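J.: Fold the following.
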Amino acid sequence: MGGFAKSMISLPWAMSAFGIQQVANLITPGDGKQPTRKVEESLYSVTQATQQQFNDLVWAAFYVGDEVQRDMVNLMFDVLTFKAFSPSYLQRLGSDVAQQSMETIRVLTPGKNSQLARQQLRNNLEVYNLVKHVRELLNIPTEGEFALKELVDKAYDLGEYPDLWAVEGLGHEYADHFRGGGEPIRNILTDQKASVLPDKSLTMMHAGIGLSFAWHLLPTVTPYSPAAKVREMLQEFITLCKENSRKGYTGAAYESLGLVTRTWHSQMVPTIDKELGEIAPELLGYFWHGAGRALYFLPIYIAPGVMSPWRAVDREPPHELGRLNARAGLSWATTVVNVRHPAILENVIRYHGDQLDENEAFTNGVCSSLIMAWDITPGESFIADYTKHQPDASDQQVVERWNRLVKKPVEDAIQRYHPVLKAHDRLGEVFRYQHLSELVDRLEKGSRTA
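T.: Numbering: from 1, shown residues only. The predicted model follows:
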């Protein structure tokens, strides 16, 4: 108890001293940095370190509060600079408030919408618990021998749906197992030990190792780090993905960078976008796809009806490539988390149909996620049944959109696209937005002319 009391007394003194140090930095920066930039970097680092000490509930509360606070600060500056008084700004703000109010009312009003919202929340929490507790579910050892084949079998023994998420978590844990050994991490999914992995586990095992690489590398930089340091970190991430992935699956590892960045290092998103665009622009699609997937799981959006990620997904990316991939990533997550309940996706189409009709990103996300799910859990009934779903016949516009945006494309994805992508070792391609039909056409044409 004495040690605890001393620690509690020391904490406010330490925070006070930290504040005094930041005032001093503003007055006399000693390393050539701009005073404000040096203080911002220190505050960012302390905030990130503090978040690492939070449990899940406290972190979620912090995240929501931080997002709301940032929005309020942005609004304040928009008012002070008179930006908030432009007609376009007021129109967008009014539209956002009206749409969000309507969505909240729909969720809170007893009936089908509220039932689907509760089911979606249960699905979200189930996935969260599966990913969070994969170590306990599979009895993964903290040290010693990592019985890879046995653990993969345990993941699949969990049954339909949980196995998909358990395999991704297992990939994360497996990559972590190689850290701290003093040797470079190389060939972990291509060596003899990994030869026991069944083909069906490879997409999400690669997504899992990408999560591990990004999780450990991103804390080494800040939004205020020199560009050279950020690029060095990114290059190390790219090298790790390349040198530990099997042919055709690297894209699954790349995409995890966006998921980790947007979830736990959101202020780094513009920096990563800029520097990745300079050194490896071909990976930007994967990055923004992962960032879009992250939106679905963020605490501020995880409860349906509170806030909607479908408005944020088009506003966060600074360019069209980012917007297409972010929307595809959000569509991917919405589909695969709720794959046993297609009526939830039907509701997305019902209330966001005009937005989804703007381009093919939504359909790409639906198809890509089901290609991945079909590959990792081949023959699972809930995926096959997805194409049999019949929307509410009383709303013909929803029926037409469902058939055009979901039913027919998913049939093509499972029956045609998946076999071709798998045969050509290109399944990693589904972790970014592109025209899958054109890709498959090129692969088939190449086979015929070879």
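J.: Lys229 contacts Val221, correct?
T.: Yes: distance between Lys229 and Val221: 5.8 Å, which falls inside the contact criterion (CB atoms under 8 Å). In this view, the C-beta of every residue, glycine as well, is placed from N, C-alpha and C.
J.: Specify which residue of these two has the higher count of neighbours.
T.: Val221 (20 against 13; other CB atoms under 10 Å).
J.: show me the contacts for that one.
T.: By CB atoms under 8 Å, 6 or more residues apart in numbering, the contact set of Val221 is Lys229, Val230, Met233, Met268, Thr271.
J.: just checking, next helix/strand downstream of the helix or strand harbouring Asp314?
T.: In the assignment (DSSP states H and E), Asp314 maps to helix 309-315. Later in the chain than helix 309-315, the nearest helix or strand by DSSP H and E is helix 320-337.
J.: Would you mark the buried spots in that next one?
T.: If you call a residue buried by 16 or more other CB atoms under 10 Å, then helix 320-337 has these buried ones: 321-337.
J.: Please apply the same query to stretch 149-160.
T.: So, applying 16+ other CB under 10 Å, buried residues of stretch 149-160: Leu151, Val152, Lys154, Ala155, Tyr156, Leu158.
J.: what's in contact with it?
T.: Identification of contacts with stretch 149-160 by CB under 8 Å, 6+ apart yields 137-140, 163, 166-167, 170, 196-198, 201, 377, 380-382.
J.: cool, stretch 331-344 as well?
T.: Contacts of stretch 331-344 (CB under 8 Å, 6+ apart): 116, 119-120, 123-124, 127, 161, 164, 289, 292-293, 295-297, 345, 348, 361-366, 368-370, 372-373, 382-383, 385-386, 389, 406.
J.: Now do the end-to-end distance for it.
T.: Counting by CA to CA, to the nearest Å, you get 12 Å between the two ends of stretch 331-344.
J.: now that stretch, how far from the chain's geometric center?
T.: 15 Å (CA atoms, centre = their mean, to the nearest Å).
J.: mean confidence score for stretch 290-309?
T.: For stretch 290-309, the mean pLDDT works out to 84.
J.: buried residues in that stretch?
T.: 290-302, 304-305, 307-309.
J.: got it, and stretch 112-122?
T.: Buried-residue list, stretch 112-122, by 16+ other CB under 10 Å: Asn113, Leu116, Ala117, Gln119, Gln120.
J.: tell me the mean pLDDT for it?
T.: The model assigns stretch 112-122 a mean pLDDT of 86.
J.: Any idea how far that stretch is from the middle of the chain?
T.: With CA atoms, centre = their mean, you get 22 Å for stretch 112-122.
J.: Same question for stretch 171-184.
T.: Computed by CA atoms, centre = their mean, the chain-centroid distance of stretch 171-184 equals 22 Å.
J.: what comes into contact with it?
T.: For stretch 171-184, contacts defined as CB under 8 Å, 6+ apart pick out 134-135, 140, 146, 148, 185, 188, 204-209, 211-213, 215-216, 244.
J.: quick revisit: show me which pair in the contacts of Val221 is furthest apart.
T.: Based on CB to CB, the longest span within these runs between Lys229 and Met268 and measures 12.2 Å.
J.: Sketch out the low-pLDDT regions of the stretch 301-450 of the chain for me.
T.: Applying pLDDT under 70 to the stretch 301-450 of the chain picks out residues 305-306, 448-450.
J.: mind checking the SS state of Thr222?
T.: Under DSSP: H, G, I helix; E, B strand; the rest coil, the three-state class of Thr222 is coil.
J.: what's the distance between it and Arg231?
T.: As judged by CB to CB, to the nearest Å, Thr222 and Arg231 stand 14 Å apart.
J.: which one of the two has more residues nearby?
T.: Thr222 (20 against 17).
J.: element containing Tyr174?
T.: Going by DSSP H and E, Tyr174 is part of helix 162-177.
J.: mind listing what's buried in that helix?
T.: 162-177.
J.: next one: stretch 389-402
T.: With burial defined by 16+ other CB under 10 Å, the residues of stretch 389-402 counted as buried are Pro391, Val398, Val399, Arg401, Trp402.
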